[in-house]
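**Student:** following is a predicted model, sequence given first.
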Amino acid sequence: MTDPYSEWHDAYAPLLGAELGALAWLPITADTPDVVANLGASAFVFSGAVLIVPINGSQLHLTWSWKSQHYELTAARQLDWQADCLDRIRCAFDGPWEGIQGGRLTEVRLYAAPTCDGNLHVAGVRHTVFDGSDEIFFWIGCGDADGIGDHDDLWVGVNVEPANHADLVEVLVLSDQAKT
């Protein structure tokens with residue numbers, strides 16, 4: 001039997017334990033003004049992708065994708081969006097997002113949400129970063145203001161849980177302690 005989360009293991013293996021150099025929002029052009037207006041917010045929604053860039057190593061894109069009658073979160077080294085349809089806005093590392101840049105990614109927790117087909121599909125990832133003195137967590141997930149689930153937008157938040165956190169099912173925990 002194959003591991004249904006092997007692609008997630010592979011996607012995050014080079015990032016676990018790594019120092020983060022950048023976090024960037026890649027909104028569709030129509031959502032760019034709202035992303036810019038919300039740069040100082042602890043949570044917001046937009047359509048597009050998120051880019052996680054370690055100081056050394058491979059970058060990772062997270063975005064939503066349509067898979068057999070539902071949306072789910074996907075991870076990839078390269079984006080599968082049409083060229084030039086996404087803008088790039090570097091995360092503001094002051095305010096609530098302070099501490100992520102230069103922090104070390106220590107843990108990743110994948111959460112699934114039920115879809116209309118009754119199955120669980122990865123909908124969000126909770127990242128824990130240690131900045132040398134404190135732990136900070138941030139979410140990236142398919143979602144809207146009501147939480148994470150079967151949506152074609154992304155909900156991002158730092159040190160705040162999605163509104164429907166209690167309804168999500170933790171399906172995988174990856175940590176840098178497992179690296180030998």
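**Tutor:** The structure has been received and is ready for your questions. Residues are numbered from 1 along each chain as shown.

**Student:** what sits against Ser58?
**Tutor:** Going by Cβ atoms under 8 Å, 6 or more residues apart in numbering, Ser58 touches 14-15, 77. The C-beta positions use only the backbone N, C-alpha and C, and glycine is treated the same way.

**Student:** run the last query once more with 6 Å
**Tutor:** Ser58 sits next to 14, 77 when contact means Cβ atoms under 6 Å, 6 or more residues apart in numbering.

**Student:** mind listing what's buried in stretch 162-169?
**Tutor:** For stretch 162-169, the buried set under the neighbour-count rule, 16 or more other Cβ atoms under 10 Å, comprises 162-164, 168.

**Student:** with distance to Asp153, secondary structure and pLDDT as added columns, please give these in a markdown table.
**Tutor:** Listed next are those as a markdown table, based on distance: Cβ to Cβ, whole Å; DSSP: H, G, I helix; E, B strand; the rest coil; pLDDT from 0 to 100:
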| residue | distance to Asp153 | secondary structure | pLDDT |
| --- | --- | --- | --- |
| Pro162 | 13 | coil | 95 |
| Ala163 | 14 | coil | 94 |
| Asn164 | 14 | coil | 93 |
| Leu168 | 17 | coil | 93 |
